[in-house]
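J.: after the sequence you'll find the predicted model.
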Amino acid sequence: MQNYLKKCAVWIALCLAGVQSICMPVQAEPANDTESIDLPDFSYLGATETLSAKETQQIATDIYQGIASHEDGIIIDIGTKNYSLDKIQEVLKIYRTVISTWDIGILTSRLTVTYQVSNTGLIRIKPNYLEDENHYTETYQNLMRKIDEIISGVDATWSDAEKALYLHDYLAVNYDYEYTDYTDPVNTELKHTAYGMLEKNAAVCEGYAWLYNILLQRVGVTSAMVESQALSHAWNLLYIDHAWYHVDVTWDDVYYQHAGLVYHKNFLKSNEALTENSHDSDDWVLTTGQSVFALPVSDFYHNGFWNHCNSAISRYQNQWFVIHCDADQNETTAWFDLCNFDAETGNAEITHINSLDAKWARWYVFDKENYYYAGTYITPVVVNDILYYTTPTDVFAWKDGGVQWLFGLDEKQKQEGYIYGMYAKGNQLYYQVSISATDEPELYSYELWEKEPEEISCIASTSITTTTSTTASTSTTITTTSTTTNTSTTATTTSTTASTTTTSTTASTSTTTTTSTTTSTTTTSTACTTTTAESISTILYGDIDNDGTLSVQDLILLRKYLLCQTSFTKEQFLHADVLQDQIVNIYDFVILKKMLLESQK
């Protein structure tokens, strides 16, 4: 406080002496004692062209204290009468850096600032606060509560890379790029801010980078904002273990209004890798003005387990749950992997816990049966250590290798498209249905169980295979076209006819023809019997009790079998193998249930 009053006294004396004719506004009383404010470490800011590292840190300290105290004017002593316009601009760059890096500046504009200069080396900065005096404290506290809620999901024992991953995916899942202007000039500025992102759930690239900065600093990860005039774009540069890495959340959040579909192409990347991902300019600078190309940017994480994953990565059973996809013109396989990350090596021990073939992992072009999108749009969500995931028309629950079908799209929803995206809030699952991942979706909800169903831990138990991998699965062939603000994604279609799986949907049908596309070799069913099916000319698949019709009794028998409460004869096993893939599991149960529902219409 004493240092602040001394600066004010010096400034007023200069004005009274006629050094510069400036009308000073009334100084607002600081909200807090600046001497009690905890200061962050500003050492990473370094020196600028005209300011030493020590001068930069002192200026950042003065600005931080002034904003934290909600001062109306912040006096900066640049220590020389022979100041230059370049030095003033560098002070203003430090000002913009401070307010867009730490949460104390969340209600301060980066776009507009008023300053006054004396010829004795003093600069008075007048912040432009985004909230009026009467509501400032209340609004600030509300924003801090939102930030606290977000970072509550971060485990303090995680490595910095894991903390960055969690927050990267959280922003991409829960927020959207703002394609339209807000309704008034004030809100137009908000879309460039972390404040606007939290209040409107949408912002442009600057808002993404600003909020990501704040969240990272709150969990102890050093982060800076990068700007490119050529790209009209902003993203982040993270400092982890003595090296820098690029993260561009904006361009990884490619699907507007489709939660859970998240790219990781721009996460912890080197200069070269980011350039390959359409950041093809040479004017990358930090908000302090320092060139990114002068910094030690590393490629240490170039084989990160998150590579080629196009859905949100969740924490499941104390590991990272990742969906990797192998896709070509003839086959699509989605691998469910648990990744145990080693921060020292940058690699992960990967455990395959399940796989889905094209029957469940492939999304067809709507109303075009012979065309499908490369890759997969499976969206996972973890609630209370239960994994929920989508297929094109159904949602399943998974825990400890057990699978349960939750629900499928009704006839009306099927006319609207497929499931592209899902997220959870409280005990509600929200899923989005649209013609494609780039079309505006319809939002629906499903109420989860109040408590975990007992049978989920028993159904369709699977074995697992563990491998240590430094290279993620083969990349999908979805192509991405970048713009100067956000990326738009065009799914690649293939004219190859999809593998056909045709299952009888009426009880009166006596024959079912099925072409299996199961290719998993690392995950196999461990149902209660391993009888091998033999060729039988005519079988009513699903008629487990062999009474000539499909009934609820057949479904009950199959359920008991999957729960290991009964065994099947060879003939019963053949009838229960609805998909004719020589395995009786939850998917046969799901199809049989659908057949019964269809037969009752």
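T.: Yep, it's here. Residues are numbered from 1 along each chain as shown.

J.: wait, what's in contact with Val297?
T.: Leu237, Ala243, Trp244, Tyr245, His246, Ser270, Asn271 (CB atoms under 8 Å, 6 or more residues apart in numbering). Where you see a C-beta, it was placed from the backbone N, CA and C, and this is true even at glycine.

J.: give me the beta-bridge partners of it?
T.: Trp244 (DSSP bridges).

J.: show me where the stretch 51-200 of the chain has helices.
T.: Per DSSP state H, counting those that start in this stretch, the stretch 51-200 of the chain carries helices over the ranges 53-68, 85-99, 133-151, 160-174, 185-190, 194-200.

J.: redo the ones you listed as a markdown table? Include mean neighbour count, mean pLDDT and distance to Ile37.
T.: Listed next are these as a markdown table, based on neighbours: other CB atoms under 10 Å; pLDDT from 0 to 100; distance: least, CB to CB, whole Å:
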| stretch | mean neighbour count | mean pLDDT | distance to Ile37 |
| --- | --- | --- | --- |
| helix 53-68 | 21 | 95 | 5 |
| helix 85-99 | 20 | 93 | 13 |
| helix 133-151 | 13 | 96 | 14 |
| helix 160-174 | 22 | 97 | 24 |
| helix 185-190 | 14 | 70 | 26 |
| helix 194-200 | 23 | 95 | 20 |
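
J.: those: which one's closest to Val552?
T.: Ranking the helices of the stretch 51-200 of the chain by proximity to Val552 (CB to CB) places helix 160-174 first, at 38.9 Å.

J.: what is the closest one packed up against?
T.: Counting contacts by 3 or more CB pairs under 8 Å, 6 or more residues apart in numbering; DSSP states H and E, helix 160-174 packs against helix 133-151, helix 205-218, strand 233-240, helix 249-252, strand 267-269.

J.: so what's the gap between the third one and the chain middle?
T.: Same thing as strand 233-240. 16 Å (CA atoms, centre = their mean, to the nearest Å).

J.: got the CA positions of it in CSV?
T.: What follows is strand 233-240, C-alpha atoms only, in CSV (Å, rounded to 0.1, in the frame of the first residue of the first chain):
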residue,chain,number,x,y,z
HIS,A,233,-5.7,-16.8,-34.7
ALA,A,234,-4.6,-17.4,-31.1
TRP,A,235,-3.6,-20.5,-29.2
ASN,A,236,-1.4,-21.6,-26.2
LEU,A,237,2.2,-22.5,-25.5
LEU,A,238,2.7,-24.7,-22.4
TYR,A,239,5.9,-24.9,-20.4
ILE,A,240,6.4,-28.5,-19.1
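
J.: indicate which one of the helices and strands packed on helix 160-174 is closest to Tyr372.
T.: The closest of the helices and strands packed on helix 160-174 to Tyr372 is helix 249-252. By CB to CB, the value is 23.7 Å.

J.: mind listing the strands for the stretch 201-350 of the chain?
T.: 202-203, 222-228, 233-240, 243-247, 267-269, 285-286, 314-316, 319-327, 332-342, 347-356 (DSSP state E, counting those that start in this stretch).

J.: tell me which of the ones you listed sits most buried.
T.: Of all these, strand 267-269 has the most neighbours on average by mean count of other CB atoms under 10 Å, namely a mean of 26.

J.: other SSEs contacting that strand?
T.: helix 160-174, strand 243-247.

J.: what angle do the longest one and helix 133-151 make?
T.: Our comparison of helix 160-174 with helix 133-151, counting by axes from the mean of the first three to the mean of the last three CA atoms, to 10 degrees, yields an angle of 120 degrees.

J.: got the angle for helix 160-174 vs strand 332-342?
T.: 140 degrees.

J.: and helix 160-174, C-alpha only, in PDB?
T.: Extracted as PDB, the C-alpha positions of helix 160-174 are listed here (Å, rounded to 0.1, in the frame of the first residue of the first chain):
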ATOM      1  CA  ASP A 160       1.400 -31.500 -16.100                       C
ATOM      2  CA  ALA A 161       0.700 -33.200 -19.500                       C
ATOM      3  CA  GLU A 162      -2.200 -35.000 -18.000                       C
ATOM      4  CA  LYS A 163      -3.600 -31.900 -16.400                       C
ATOM      5  CA  ALA A 164      -3.300 -30.100 -19.700                       C
ATOM      6  CA  LEU A 165      -5.100 -33.100 -21.500                       C
ATOM      7  CA  TYR A 166      -8.000 -33.100 -19.000                       C
ATOM      8  CA  LEU A 167      -8.500 -29.300 -19.400                       C
ATOM      9  CA  HIS A 168      -8.100 -29.400 -23.200                       C
ATOM     10  CA  ASP A 169     -10.900 -32.000 -23.500                       C
ATOM     11  CA  TYR A 170     -13.100 -30.300 -20.900                       C
ATOM     12  CA  LEU A 171     -13.100 -27.100 -22.900                       C
ATOM     13  CA  ALA A 172     -13.600 -28.800 -26.200                       C
ATOM     14  CA  VAL A 173     -16.600 -30.900 -24.800                       C
ATOM     15  CA  ASN A 174     -18.300 -28.100 -22.900                       C
END
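
J.: strand 222-228 and that one, what's the angle between them?
T.: 60 degrees.

J.: swap in the last one?
T.: Taking the same axes, to 10 degrees, strand 243-247 and strand 222-228 form an angle of 60 degrees between their directions.

J.: quick one: mean pLDDT over strand 243-247.
T.: Mean per-residue pLDDT for strand 243-247: 98.

J.: quick one: which of the helices and strands packed on helix 160-174 is nearest Glu276?
T.: Glu276 sits nearest to strand 267-269 of all the helices and strands packed on helix 160-174, at 8.7 Å, using CB to CB.
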